[in-house]
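Trainee: Compute the structure for the input listed below.
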Amino acid sequence: MAEEKVIRLSEFKVIMEEVRSQHKKIIEVMQHHHERTDKRLDRLEEGMNEVKGDIRVLKGDVCALKGDVRTLRDEVALLHEGQTEIKETLFQKVDRAEFSRLEKRVAKLERRSA
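Mentor: As a prediction, the model looks like this:
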């Protein structure tokens, strides 16, 4: 018959105390890792919020730039029209009164483009 090993209560208590001690160590290590992970997640969240803010600013800047580009296109188109008209008119014989009006018109176009 196999020999049965009997553990006394005092031995059992010692074994259980060692298990509890090891369990506490494991819990401490896990808590330490949990705290480090929480800190990293907090920093990551702060960084993401900063990136989101930067993206909002960039979107606003892009919208403003789109408006500026539209305005510039309109002004360039207006200048092109004026230049074309002036070229066509200058190819014709011009008297002094017409030339004076053209000078004023060119000056007006130059002020708009400045």
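Trainee: I'd like the next helix or strand past the top helix by length along the chain.
Mentor: Criterion DSSP state H: the longest helix present in the chain is helix 9-91. Remark: after helix 9-91, the chain's next helix or strand is helix 96-113, criterion DSSP states H and E.
Trainee: Phe12 versus Val6, what's the distance?
Mentor: From Val6 over to Phe12 the distance is 10 Å, taken as Cβ to Cβ, to the nearest Å. Where C-beta positions appear, they are placed from N, C-alpha and C, glycine not excepted.
Trainee: More neighbours: these two, which one.
Mentor: Phe12 (10 against 6; other Cβ atoms under 10 Å).
Trainee: residue contacts, that one?
Mentor: Shown in contact with Phe12 (Cβ atoms under 8 Å, 6 or more residues apart in numbering): no residues.
Trainee: pLDDT score for the most centrally placed residue in the chain?
Mentor: Centroid check for the chain by Cα atoms, centre = their mean gives Ile55 as the closest residue, at 2.4 Å. Ile55 is assigned 96 on the pLDDT scale.
Trainee: and what of the one 3 residues further on?
Mentor: With respect to pLDDT, Leu58 has a value of 96.
Trainee: now the one 3 residues further on
Mentor: What the model reports for Asp61 is a pLDDT of 95.
Trainee: Identify the residues contacting the residue nearest to the centre of the chain.
Mentor: Counting by Cβ under 8 Å, 6+ apart, Ile55 has no contacts.
Trainee: was I right about Gly82 contacting Arg105?
Mentor: Yes - using Cβ atoms under 8 Å, Gly82 makes contact with Arg105 at a distance of 6.8 Å.
Trainee: All set now, cheers.
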